[in-house]
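> next input, structure requested:
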Amino acid sequence: MAMATKLVSSFAVFFILFLVIFAEVPEIEAQDTECLVEYGGDVDFALCAPLIYPPFCYTRCREDKGSKGGTCVSEGNRGKCLCDFCHDNLKPPFDQILSGI
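Sure thing, here's the model as predicted:
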């Protein structure tokens, strides 16, 4: 009986040690809802419609709201400007640049 108790205890210790060492601990990051804030007002179309680089949404979010960047997302038939306070996600439009070559 004592041998069985010792075996179960040893197994439990090794199992807990295995979980502690190999268990993946998720990193804590800001959620998108905390990072993305709508620009506001009735200016979404004016900020998202022109296809220029850098986009008006990106520039106005940085200048007016103090964010790191901005991005346009489409909702149905209209665009929405979201200011990003966590990431600077501006990427050059390589497709447009390479299509002129």
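> low-confidence bits of this structure, can you list those?
Judged by pLDDT under 70, the chain has its weakly predicted residues at 1-4, 23-33, 92-101.
> all helices for it, in order.
Applying DSSP state H to the chain gives helices spanning 2-22, 32-35, 44-48, 56-60, 94-99.
> what's the first-to-last distance across stretch 43-62?
Separation of the first and last residues of stretch 43-62 by Cα to Cα, to the nearest Å is 15 Å.
> name the surrounding residues that touch it.
With Cβ atoms under 8 Å, 6 or more residues apart in numbering as the test, stretch 43-62 has contacts from 39, 67-72, 78-84, 90, 92-93, 96. From N, CA and C alone the C-beta is placed, and that goes for glycine too.
> mind redoing it with 7 Å?
Stretch 43-62 is contacted by residues 39, 67, 69-72, 78-81, 83, 90, 92-93 when judged by Cβ atoms under 7 Å, 6 or more residues apart in numbering.
> next, the buried residues of that stretch.
Across stretch 43-62, burial judged by 16 or more other Cβ atoms under 10 Å covers 44, 47, 48, 55, 56, 57, 58, 60, 61, 62.
> how about the third one: what's its closest non-neighbour residue?
Meaning residue 48. residue 79 (3.3 Å; Cβ to Cβ, 6 or more residues apart in numbering).
> tell me the contacts of that neighbour?
44, 45, 48, 49, 72, 73.
> now the buried members of the contacts of stretch 43-62.
Neighbour-count burial (16+ other Cβ under 10 Å) applied to those gives 39, 67, 69, 70, 71, 72, 79, 80, 81, 83, 90.
> could you check how far the third one is from residue 16?
Using Cβ to Cβ, to the nearest Å, residue 69 is found at 44 Å from residue 16.
> on that earlier part again, from the helices of the chain, which stretch is densest packed?
With neighbours taken as mean count of other Cβ atoms under 10 Å, the helices of the chain reach their highest mean count in helix 56-60, at a mean of 20.
> please compute how far that one lies from its chain's middle.
18 Å (Cα atoms, centre = their mean, to the nearest Å).
> one more: stretch 76-85?
15 Å.
> need the CA coordinates for that stretch. PDB is fine.
Extracted as PDB, the C-alpha positions of stretch 76-85 are listed here (Å, rounded to 0.1, in the frame of the first residue of the first chain):
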ATOM      1  CA  GLY A  76     -21.300  47.600 -46.200                       C
ATOM      2  CA  ASN A  77     -21.200  50.400 -48.800                       C
ATOM      3  CA  ARG A  78     -19.400  52.900 -46.700                       C
ATOM      4  CA  GLY A  79     -15.900  53.200 -45.100                       C
ATOM      5  CA  LYS A  80     -15.000  53.800 -41.500                       C
ATOM      6  CA  CYS A  81     -11.800  55.500 -40.300                       C
ATOM      7  CA  LEU A  82     -10.400  53.800 -37.200                       C
ATOM      8  CA  CYS A  83      -7.500  55.400 -35.300                       C
ATOM      9  CA  ASP A  84      -4.900  52.800 -34.000                       C
ATOM     10  CA  PHE A  85      -3.300  53.800 -30.700                       C
END
